[in-house]
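1. okay, structure incoming, though there's no sequence with it:
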């Protein structure tokens, strides 16, 4: 698959998550678990490392556990268990590498890269935390609009030096616009959120283009949904710090 397919997968993921927010909390939980598992399954394929099935499990399962915890934990500590699941996943990765033994291929790349995968998988719990935080669904809608604009900018097949600032600027403008149209969120927090989301998503675009050449579907799935997962926690913390 070509690199632009990653952006399309990301757009579908954003639309599905924001839509599930308006359906029911249970639908959002189910989708968050699916996204976490998808990131886990595809991340080893993107890295091109051995032991893909085992590492997929230790990346995806902590993310699923983090999402379930964010759904059931009492307020206000929605993400209190997320660091524990991240630590559990990282420890599991080190255990897997120890079992593989000394001298195995790509041990360092596998360890470092999979730790990043665990982080991305677990950060998806932020979508659930944001939905539960103050019941204002519009904030997540603003998050989705900003992310979608940044992903759409990333589909443009121009050099990264042009697309990167363009994506950040457009996302920074889309945030306040969405805030004005869909809610009463102040312009400044919405703009800050848009800029941060844009920066994160165009950074992931760079990771895809650095890979060079086509990638398989599982790798594209993980790279498309990984940054979308991270946006959930960004929305939650910006909501707490700047808006609530």
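-> Done, it's in. Note that the coordinates shown come from a computational prediction; the quantities given were computed from them, not determined experimentally.
2. ignoring the adjacent residues along the chain, who's closest to residue 31?
-> residue 20 (4.8 Å; Cβ to Cβ, 6 or more residues apart in numbering). Using the backbone N, CA and C atoms, a C-beta is placed for each residue, glycine as well.
3. what's near enough to touch the one you found?
-> Counting by Cβ atoms under 8 Å, 6 or more residues apart in numbering, residue 20 touches 27, 28, 30, 31.
4. OK, contacts around the second one?
-> Right, the one you point to is residue 28. So residue 28 contacts 17, 20, 21, 127, 128, 131 (Cβ under 8 Å, 6+ apart).
5. confidence score at the last one?
-> Note for residue 131: predicted pLDDT of 90.
6. quick one: buried residues of stretch 88-103?
-> Of all the residues in stretch 88-103, those buried under the rule 16 or more other Cβ atoms under 10 Å are 88, 89, 90, 92, 93, 96, 97, 100.
7. go ahead and confirm the fifth one touches residue 116.
-> By that I understand residue 93. No - look at residue 93 against residue 116 with Cβ atoms under 8 Å: they stay out of range, at 10.3 Å.
8. now name the helix or strand holding the closest residue to residue 58 other than its chain neighbours.
-> Nearest non-adjacent residue to residue 58, counting by Cβ to Cβ, 6+ apart: residue 92, 4.0 Å away. Assigning secondary structure by DSSP states H and E places residue 92 in helix 82-100.
9. quick revisit: just the mean pLDDT for the helix or strand where the residue nearest to residue 31 lies, thanks.
-> Assigned by DSSP H and E, residue 20 belongs to helix 4-23. The pLDDT scores in helix 4-23 average 92.
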